[in-house]
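S.K.: Below are the sequence and a predicted model; questions follow.
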Amino acid sequence: MAKKKKKVWYEYLWIATSLYLFLGLFNILFAWIGLICFTVPLIIAISGGGKIYCSTYCGRGQLLKLLGTKFKLSKNKPMPKFFRTKWFRYGFLIFFLVMFANMLFNTYLVFNGARELKEVVTLLWTWKVPWQWVNTSYVTPWIAQFAFGFYSLMLTSTILGLITMAIYKPRSWCVYCPMGTATQGISILKYKRK
């Protein structure tokens, strides 16, 4: 009888991702915690760790694998080859960075008083979902504006991940994830410099 492998702490990071998405529905300021998912992979890649965050520590990837494999919510079909092309992956990264820059610009406008706080989450960069039940009066408006924008990005990328997980293999999102592409790009540049 084979000995069952003991799970380590980082195999439960899917719980943190689930909590983040759930808690953000009730208090948009939890969106700030998502910066960990932006900074840690970059720090690891810059430090020479490559894409270890993606393969080992990414809670979203773990969640998609759990939903697709254990709960069988995935058709488990291979993705079309164009998703794997560098043109698509780097194009999507650039698009994602433009959306991130737009979010930062809106935060800057609120910070400078040029625009009022918009308590809205935008899904797939198109549909606006007003967050009527959230009280943000106890924080500076720009802090709340950043949270709404950042949660929009995180929720949108999760929805894209769920869609591709359902249609293709469980971790199909990981093929074109902007953070995975960015860390791969950093690793390639770091390797070329040596």
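M.R.: Received the coordinates, thanks.
S.K.: Can you mark which positions in the helix or strand where Val98 lies are buried?
M.R.: Assessed by DSSP states H and E, Val98 sits inside helix 86-111. Of the residues in helix 86-111, 88-90, 92-93, 96, 99, 103, 106-107, 110 count as buried by neighbour count, 16 or more other C-beta atoms under 10 Å. Just so you know, the C-beta spots here come from the backbone N, C-alpha and C atoms, and that holds for glycine as well.
S.K.: Go through these and name the one nearest Leu13.
M.R.: Proximity of the buried residues of helix 86-111 to Leu13 (C-beta to C-beta) peaks at Phe96, which lies at 21.4 Å.
S.K.: Apart from its chain neighbours, what residue comes closest to that closest one?
M.R.: Spatial nearest neighbour of Phe96, chain neighbours left out: Pro178 (4.0 Å); criterion: C-beta to C-beta, 6 or more residues apart in numbering.
S.K.: ok and whatever helix or strand Leu162 lives in relative to helix 86-111, angle-wise?
M.R.: In this structure, Leu162 sits in helix 141-167 according to DSSP H and E. Put simply, helix 141-167 runs at 150 degrees to helix 86-111, going by axes from the mean of the first three to the mean of the last three C-alpha atoms, to 10 degrees.
S.K.: how about helix 141-167: buried residues?
M.R.: In terms of neighbour count (16+ other C-beta under 10 Å), helix 141-167 has its buried residues at 141-158, 160-162, 164-165.
S.K.: Contact partners for Met79?
M.R.: Applying C-beta atoms under 8 Å, 6 or more residues apart in numbering, we find Met79 in contact with 164, 168-169, 172, 175.
S.K.: can we see that at 7 Å?
M.R.: 168-169, 172, 175 (C-beta atoms under 7 Å, 6 or more residues apart in numbering).
S.K.: Among these, which one has the most neighbours?
M.R.: Neighbour counts for the contacts of Met79 (other C-beta atoms under 10 Å) peak at Ser172, which has 24 neighbours.
S.K.: List the neighbouring strands of the worst-scoring helix or strand of the chain on mean pLDDT plus their orientation.
M.R.: Ranking every helix and strand in the chain by mean pLDDT, DSSP states H and E puts strand 127-130 at the bottom, with a mean of 85. When pairing is defined by DSSP bridges, strand 127-130 lines up against strand 120-123 (antiparallel).
S.K.: Output the strand it pairs with as CSV, restricted to C-alpha atoms.
M.R.: Extracted as CSV, the C-alpha positions of strand 120-123 are listed here (Å, rounded to 0.1, in the frame of the first residue of the first chain):
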residue,chain,number,x,y,z
VAL,A,120,-18.4,50.3,-8.9
VAL,A,121,-16.7,47.0,-9.9
THR,A,122,-16.3,46.5,-13.6
LEU,A,123,-16.5,42.9,-14.8
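S.K.: follow-up on the earlier one: quick one: buried residues of the helix or strand just after the helix holding Leu162?
M.R.: Later in the chain than helix 141-167, the nearest helix or strand by DSSP H and E is helix 173-176. For helix 173-176, a neighbour-count test (16+ other C-beta under 10 Å) marks 173-176 as buried.
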